[in-house]
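Student: Could you work out the structure for the sequence below:
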Amino acid sequence: MKRILIINLAFIGDVLLSTPVARSLRHAYPQARIDMMTVPVAAPLAQRNPYVDEVIVYDKKGQHKKWKALWQLLRQIRSRNYDLAVCTNFALRGAMLAFFCGIPRRLGYAAQHGEWFLTDAVSPVRPPLRHEAENYLDVLQPLDLEAADFSLELALQADDVVPAAKEKEKADKPIVVLCPAGSYRRKSWTTDGYAKLIQNLSPQVSWYLIGGKAEAPYLQRIAAKAAVPVTVWSGTHTLPEVAGLMQQAALVISVDTAALHMAQAVHTPVLGLFGPTDPRIWGPRGAKDRVVWLQNCQPCWGRGECATQHCLRDLPAETVIQTAQEMLQQGTGDTVHRVTEKGQRE
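Tutor: Purely as a prediction, here's the structure:
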């Protein structure tokens, strides 16, 4: 295997969680050229993957919707003479691209008829309680590759940390980064909960609220409710610069979204707030990380109707505040705090 193309056309968090796949391929084929194809939003972080040589951007909703641009991309990839394609997602599109690019060996999942375009298709069935970073490695079964390191990594560049370094220089307290919004609203805690958390820790830390441009009004509502000094980064910085801010932070607090995985990748302690998704599959796993999860019903993954959203609406602010304070004071974790209906930690 002299030339390998990893195809990951999912979201930012998925690209980060596929780090063990790239690492395993690099260790197995140290002399190979390993490239990765991603969608535009994930490309900046894929470019910081220390095991990837180059990132190819596939703009499926923009430029490459046009047949001429898509054909040019396929010709470009064909000219690189890849020996192996590894399609890390269930989506059919990645398998089709690998096929039409003429890559002779194509690994992926037997899902959504992707097996029609693959030479080696593995089962898409996941064990019930195995972390997603480990699940990704199933795609390498045909190569008989095993891995013991499931950690996430980002190799930030010097320019990535410039804005964060300036923020840390002017801050007279440790930085705490809060990402309150997930990919859908049911992953988010309450505005009152966030406000209480910010108010209680404000004397000890400098707060940074992060999110995309679409989350700007929501972040501003949280900041207004807290009524204490808060810096808001809502689509004003690149993803690598946000990762640089996390690297300078003492703690990152996040719901189940890409920010949680970014913090792990720069080795900053993470406090994860979980509701409809299962932290045993999607949560942080560092020695200094913690999770607060009100497990009063089975994880529903946000599907279907939910009139109450008890899993996050009833999450006690006092528990989150106490856990964050402990992490700031002790710098250790290793615990998933399942909270009872009365707010007592188990």
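Student: Low-confidence stretches in this structure?
Tutor: Using pLDDT under 70 as the threshold, the predicted model of the chain has low-confidence ranges 296, 298, 301-305, 307-308, 331-346.
Student: how about a cut-off of 80?
Tutor: The chain contains residues with pLDDT under 80 at 146-148, 171, 183-185, 295-309, 311, 330-346.
Student: which residues in it form helices?
Tutor: Residue ranges of the helices in the chain, as given by DSSP state H, are 12-17, 19-28, 43-46, 67-78, 92-100, 132-135, 162-170, 191-201, 216-226, 239-248, 258-265, 279-282, 310-313, 317-330.
Student: got a list of contacts for the longest one?
Tutor: Helix 317-330 has contacts (C-beta atoms under 8 Å, 6 or more residues apart in numbering) with 174, 176, 189, 192-193, 196-197, 200-201, 204-205, 250-251, 253, 269, 271, 273, 288, 290, 292, 333, 337, 339, 343, 345. C-betas here are computed from N, CA, C, even on glycine.
Student: how far off helix 191-201 does it point, in degrees?
Tutor: On the basis of axes from the mean of the first three to the mean of the last three C-alpha atoms, to 10 degrees, helix 317-330 is oriented at 40 degrees to helix 191-201.
Student: Dump helix 317-330 to PDB, restricted to CA.
Tutor: Once side chains and other backbone atoms are set aside, the C-alpha atoms of helix 317-330 remain, and they are given as PDB (Å, rounded to 0.1, in the frame of the first residue of the first chain):
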ATOM      1  CA  ALA A 317     -27.100  23.100  38.100                       C
ATOM      2  CA  GLU A 318     -25.600  22.400  41.500                       C
ATOM      3  CA  THR A 319     -24.200  19.100  40.300                       C
ATOM      4  CA  VAL A 320     -22.600  20.600  37.200                       C
ATOM      5  CA  ILE A 321     -21.200  23.500  39.200                       C
ATOM      6  CA  GLN A 322     -19.700  21.200  41.800                       C
ATOM      7  CA  THR A 323     -18.200  18.900  39.200                       C
ATOM      8  CA  ALA A 324     -16.600  21.900  37.300                       C
ATOM      9  CA  GLN A 325     -15.200  23.300  40.600                       C
ATOM     10  CA  GLU A 326     -13.700  19.900  41.500                       C
ATOM     11  CA  MET A 327     -12.100  19.600  38.100                       C
ATOM     12  CA  LEU A 328     -10.600  23.100  38.300                       C
ATOM     13  CA  GLN A 329      -9.300  22.500  41.800                       C
ATOM     14  CA  GLN A 330      -8.100  18.900  41.400                       C
END
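Student: Next, the buried residues of it.
Tutor: Residues of helix 317-330 classed as buried: 317, 319, 320, 321, 323, 324, 327, 328 (neighbour count, 16 or more other C-beta atoms under 10 Å).
Student: And the fifth one, by the same measure?
Tutor: Applying a neighbour-count criterion of 16+ other C-beta under 10 Å, the buried positions in helix 92-100 are 92, 93, 94, 95, 96, 97, 98, 99.
Student: I'd assumed residue 119 was in contact with the last one.
Tutor: Looking back up the chat, that one is residue 99. No. Here residue 99 lies out of contact with residue 119, judged by C-beta atoms under 8 Å, at a distance of 9.2 Å.
Student: what touches both of the two?
Tutor: Common contact partners of residue 99 and residue 119 (C-beta under 8 Å, 6+ apart): residue 106.
Student: Farthest from the middle of the protein: give me that residue.
Tutor: Residue distances from the centre of the chain (C-alpha atoms, centre = their mean) peak at residue 68, which lies 32.4 Å from the mean C-alpha position.
Student: list the contacts for that residue?
Tutor: So, once contact is read as C-beta under 8 Å, 6+ apart, residue 68 ends up touching nothing.
Student: and it, how far is that from residue 75?
Tutor: Applying C-beta to C-beta, to the nearest Å, one obtains 11 Å for the distance of residue 68 from residue 75.
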